[in-house]
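S.K.: have a look at this prediction, sequence included:
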Amino acid sequence: MPSWLIFFLVLSVLVLIHELGHFLAARWLGIKVEEFAFGLPFTKPLWQMKRGETMYSIYPLLFGGFVRLYGEESEIEVEKARSFWSRGRKQRMTVIAAGVVMNMVLALVGFVVLYAAVGVPTASNYKVTIVAVEPGSPAEAAGLQVDDRVVAVEGKSLADGAEFSRLMRSWGGIRLRLTVQRGAGTSLLEGIAQRDIQQSEVEIIPRLNPPEGQGPLGVRIGDFPYLEVQQCQQLGAKCLVGAARQGVLTTGEWVARVVDGLRSVGKSLAAGHAPEGVAGPIGIYQLTDVVSQGGLWPVIELTAVLSVNLAVFNVLPIPALDGGRMFFIWLEWLRRKRMSAQLEQQINSWGMAALVGLIVLISLQDVIRVGWLSRLFGR
């Protein structure tokens, strides 16, 4: 499947699940839903269909979505009981928070499904991994392959690639035994989940005077993280409980990571520096392109991680986000008085304009980072 289609599907799932939360909460509370849309309404819709009292729409700017509720922005006298504006603080808070809740549920379900299929991680460690084998080298003659992990030399465990390189130089011209692990794995964001590991001993003689640019064995190596996983023998209650427990823990860990990341971004902005580690649509597309090469399970993990990011970002007290609208309700509770609809709508419009501008700036930063402008102008 093309990377752009995978990116579009992941984005669609994240947005639609979020908006579905608002939609279902509103319908459950008897609030009329006027429009359920994918995309932002800055242009005419590409497609519309009305079913019942709700219009379903798709807009060209696909990086978002919305649910338009009846009486959302002002008090309405006709069918007042079915309007959003007429509801109490608890019901309005429930509808607004439902999108965030759905994103967290999506993340949790994604992690649980991932661990039920791939296995529950129990430990993580770095291993010396072969990333290239030179033709005619001792490594090729000994049968070493790309992705083999060298875990010991003469029975002694390796600390890292630097130690491996030092040992190979010191053992030049002497036959030695390497303990090598081989087997399939699933590349996840935390590391490579190992399965079907086969361990064997390989005899090899490092070269004393290797060709220029090659080491004693004729391999290029890297220190890669590997996950030891406990796989389910069969999909039963015990398996699901273990996967669910780890899913909850991982969801919480990613919430903490996102919060720490936002805190770092805030510190950078306060210091007048460009924030690092922030990606817009282009950056997420690039990440999706890399992750999708590992197959279905890495894409599911990425979707879960992005869903956590979307949930945490949406609770920020920024106008136009769910957190901003919840902030207005908290402010209403403190003041014992509701802000005027006109002022609230104006503040949300300013917030939306600021968010769109921020997305444009981050996207420009992504374009510069990946070098598209340099290639475009031939530099």
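M.R.: Arrived safely. Fair warning: this is a prediction, and the values are worked out from it, not measured in the lab. Numbers count the residues shown, from 1 in each chain.

S.K.: A helix includes Ala132, no?
M.R.: No - read with DSSP: H, G, I helix; E, B strand; the rest coil, Ala132 is strand and lies in no helix.

S.K.: neighbours around it, how many?
M.R.: 11 (other Cβ atoms under 10 Å). (C-beta placed from N, C-alpha, C; glycine too.)

S.K.: try Val312
M.R.: Neighbour tally, Val312, other Cβ under 10 Å: 21.

S.K.: that one: which element?
M.R.: If you go by DSSP states H and E, Val312 is part of helix 296-314.

S.K.: and that helix, which residues are buried?
M.R.: Applying a neighbour-count criterion of 16 or more other Cβ atoms under 10 Å, one finds 297-314 buried in helix 296-314.

S.K.: beyond that helix, next helix or strand please.
M.R.: Trace forward from helix 296-314 with DSSP H and E and the next one is helix 322-335.

S.K.: what's in contact with that following helix?
M.R.: Defining contact as Cβ atoms under 8 Å, 6 or more residues apart in numbering, one finds that helix 322-335 is touched by 89, 92-93, 96-97, 99-100, 314-318, 338-339, 344, 347-348, 351.

S.K.: picking that back up, the helix holding Val312 - contacts with which helices or strands?
M.R.: Counting contacts by 3 or more Cβ pairs under 8 Å, 6 or more residues apart in numbering; DSSP states H and E, helix 296-314 packs against helix 3-28, helix 89-118, strand 185-187, helix 237-270, helix 281-292.

S.K.: let's see that with 6 Å instead.
M.R.: helix 3-28, helix 89-118, helix 237-270, helix 281-292 (3 or more Cβ pairs under 6 Å, 6 or more residues apart in numbering; DSSP states H and E).

S.K.: format those helices as TSV; extra columns: mean pLDDT, mean neighbour count and distance to Val146.
M.R.: As requested, the helices and strands packed on helix 296-314 are arranged in TSV below (pLDDT from 0 to 100; neighbours: other Cβ atoms under 10 Å; distance: least, Cβ to Cβ, whole Å):
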stretch	mean pLDDT	mean neighbour count	distance to Val146
helix 3-28	92	18	23
helix 89-118	95	21	22
helix 237-270	86	15	30
helix 281-292	83	18	18
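
S.K.: closest to Gly215 out of those?
M.R.: Nearest to Gly215 among the helices and strands packed on helix 296-314 is helix 281-292; the distance by Cβ to Cβ comes to 27.6 Å.

S.K.: now do the closest one: which elements does it pack against?
M.R.: Here helix 281-292 touches helix 3-28, helix 296-314, helix 341-370, going by 3+ Cβ pairs under 6 Å, 6+ apart.

S.K.: great, nothing more from me.
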